[in-house]
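J.: Sharing a model prediction with you, sequence too.
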Amino acid sequence: MNAHPCHRAPRRGRAAVVLAAPVLLLVGVPFALSAVPAGAAEDADTSKGTELVQRFFDLLQAGNVAGLGKLLSPAFQIQGADGGYLTKQRFLANPSKVASYTLSNVRATRAGAALVVGYDVAAVVTINGVQLARDPAPRLSVFIKGKNGWQLLAHANFNVAAAQPPESRGDRAASQGAVSLFDSPVGQEAPASGPIRPTGS
C-alpha cells in the first residue's frame with residue numbers, strides 16, 4: 001500500500017512540467033516580439049512612403065486628374081516655399097506637368113494612420129509652356145489612411161528659386177498660373193481673387 005504514493009508522485013511532477021511549458025512559451029512571446037529590429041519597421045514605413053510618393057508623381061506625369069482626385073484628401077493643401085498655397089480644388093483645376101522625375105533620400109515616420117515622408121526630387125517640368133530640368137530639392141508629403149485607403153493630406157516644397165527680375169502686373173498674373181509646382185519664385189503677390197499658386201511640387 002505504501003508503494004502507490006511513491007509511484008504517483010513522479011506523475012504529478014511530470015504534469016506540473018507539462019502545464020508549465022505553455023505558460024513559459026506565452027511569457028516568452030513579448031520578448032520575442034520585442035526582439036524584432038526597430039530598423040525593420042522603419043524600412044517598411046520608408047517602403048510604403050516611397051510607393052505613395054511615386055503614385056503621386058506618376059499620376060502627375062500621366063496627367064491623370066481623376067486619379068489625383070482619388071489620391072488627394074478632401075482637406076489637401078500644397079504649400080510652396082514662397083508662401084503660395086493651393087487647396088485640392090484649385091490644384092486639380094491646373095495640376096503640375098511632369099515629364100520625368102527621380103526620388104532620392106527618402107525617409108518616413110509613421111504613427112497609426114499618419115505617414116510623413118521626406119525626400120528629394122529631381123524632375124523635368126513644364127513652367128509657362130517651357131520644359132526645364134530641376135536639380136534635386138527637398139519635399140515633404142503627409143499621407144493619412146482612412147476608409148478610402150491612403151490619401152495625400154499635405155505636400156510642401158522647400159525649393160526657393162533665385163529672385164526674379166521685376167515684371168509687370170500682367171506678367172506676374174500669368175506666372176501665377178504656371179502649371180508646375182517645382183520651384184518657388186520669390187516675391188509673388190497674392191491676387192485679389194485668391195491664394196497664389198506655389199510653383200513647386
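T.: Cool, the structure landed.
J.: what helix or strand is the residue lying closest to residue 108 once chain neighbours are set aside on?
T.: Spatial nearest neighbour of residue 108, chain neighbours left out: residue 49 (3.3 Å); criterion: CB to CB, 6 or more residues apart in numbering. In this view, the C-beta of every residue, glycine as well, is placed from N, C-alpha and C. Residue 49 belongs to helix 38-62 when assigned by DSSP states H and E.
J.: My guess is residue 61 contacts residue 95. True?
T.: No. Residue 61 sits out of contact with residue 95 when judged by CB atoms under 8 Å, with a separation of 10.5 Å.
J.: When those two are compared, which one has more neighbours?
T.: residue 95 (20 against 17; other CB atoms under 10 Å).
J.: mind checking the longest strand of this protein?
T.: strand 130-146 (DSSP state E).
J.: Return that one as CSV; C-alpha atoms alone will do.
T.: Listed next in CSV are the C-alpha coordinates belonging to strand 130-146 (Å, rounded to 0.1, in the frame of the first residue of the first chain):
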residue,chain,number,x,y,z
VAL,A,130,8.7,75.9,-71.3
GLN,A,131,10.3,72.5,-70.3
LEU,A,132,13.1,72.8,-67.8
ALA,A,133,15.2,70.4,-65.8
ARG,A,134,15.3,70.9,-62.0
ASP,A,135,18.0,69.7,-59.6
PRO,A,136,17.1,67.6,-56.5
ALA,A,137,15.2,69.7,-53.9
PRO,A,138,13.5,68.7,-50.7
ARG,A,139,9.8,67.9,-50.4
LEU,A,140,7.6,66.8,-47.5
SER,A,141,4.4,64.8,-48.1
VAL,A,142,1.9,63.7,-45.4
PHE,A,143,-0.4,60.8,-46.0
ILE,A,144,-3.3,59.5,-43.9
LYS,A,145,-5.1,56.2,-44.1
GLY,A,146,-8.9,56.1,-43.8
